[in-house]
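**Student:** Show me the folded form of this:
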Amino acid sequence: MENAASRAEPSGQTLATSIATRLREEITSGRIPPGDKLHIDDLRALYGVSLSPMREALSRLSAEGFVVMENQRGYRVAPISQSNLREVTKLRSNIETFALRESISAGDDHWESEIVASHYRLSKIEKSKPAAARLVEWEAAHREVHQKLLSACNMPLLLQFCVTLHDLSDRYRRLFLEDRPIDRDVAKEHSEIVTATLERRADEACALLRTHIERTGKNVLVALTKKQPD
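**Tutor:** Have a look, this model is predicted:
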């Protein structure tokens with residue numbers, strides 16, 4: 001029999017987390033463009049929630065860098081810029097490689113099996129469907145591979161920073177590389193990173209990951225510069 005606890009409405013924190021997750025994806029994917037005004041009343045109606053969890057969700061996204069507050073008067077999707085992209089890329093390349101090194105040191109057989117499984121799913125998607133048809137699945141599988149690689153570092157705060165930076169980086173990639181979202185060399189790069197990681201070649205794995213992140217950042221920067229020259 002269903003008990004009272006299982007029937008209870010989601011807590012404010014749980015609801016705010018759910019809203020933040022959905023809004024973050026809307027922003028990261030570009031469905032809500034950079035600079036767009038976020039009208040709280042419209043968002044409340046869209047998600048069917050009260051003011052408190054909506055404000056909490058927007059505050060979280062503001063702290064993460066996806067949303068900016070305008071002098072207590074409201075919220076707007078964070079703008080994009082070359083300087084911000086450079087900062088995100090530099091932070092990500094340093095923090096993710098540190099997390100990967102720690103994971104290689106601490107990871108066990110279960111960690112290895114999760115990496116293998118996530119990489120297999122990504123490779124299968126890349127081989128089974130045309131690029132346009134597989135994009136949504138590819139994005140999810142791509143994110144999972146990166147998360148699994150770092151997941152054994154045993155540092156929850158570090159992992160949260162990595163997730164936030166990955167999402168901020170993905171926002172730029174998805175906004176400015178939409179015409180070629182799955183580059184022909186990315187599959188090879190992922191395979192090389194995974195192989196070096198599983199073989200516990202930490203220096204090589206971290207160097208490959210750094211190059212992978214920086215290469216994407218440079219490609220996005222070129223596209224961004226063409227659309228928004230300084």
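**Student:** that's a helix at Leu23, yeah?
**Tutor:** Yes: assessed by DSSP: H, G, I helix; E, B strand; the rest coil, Leu23 belongs to a helix.
**Student:** and Ser93, what does it touch?
**Tutor:** Ser93 makes contacts with 209-210, 213-214, 217, as judged by C-beta atoms under 8 Å, 6 or more residues apart in numbering. Just so you know, the C-beta spots here come from the backbone N, C-alpha and C atoms, and that holds for glycine as well.
**Student:** Arrange those residues in TSV, one row each, with distance to Glu189, neighbour count and pLDDT as further columns.
**Tutor:** Below are the contacts of Ser93 laid out as TSV (distance: C-beta to C-beta, whole Å; neighbours: other C-beta atoms under 10 Å; pLDDT from 0 to 100):
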residue	distance to Glu189	neighbour count	pLDDT
Leu209	9	26	98
Arg210	11	17	98
Ile213	10	25	96
Glu214	11	14	96
Gly217	13	20	94
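**Student:** OK, contacts around the residue nearest in space to the middle of the chain?
**Tutor:** By C-alpha atoms, centre = their mean, the chain has its centre lying nearest to Asp167, at 2.5 Å. Contacts here follow C-beta under 8 Å, 6+ apart; on that basis Asp167 touches 24, 28, 64, 66.
**Student:** how about those, which pair is most distant?
**Tutor:** Thr28 and Glu64 (10.7 Å; C-beta to C-beta).
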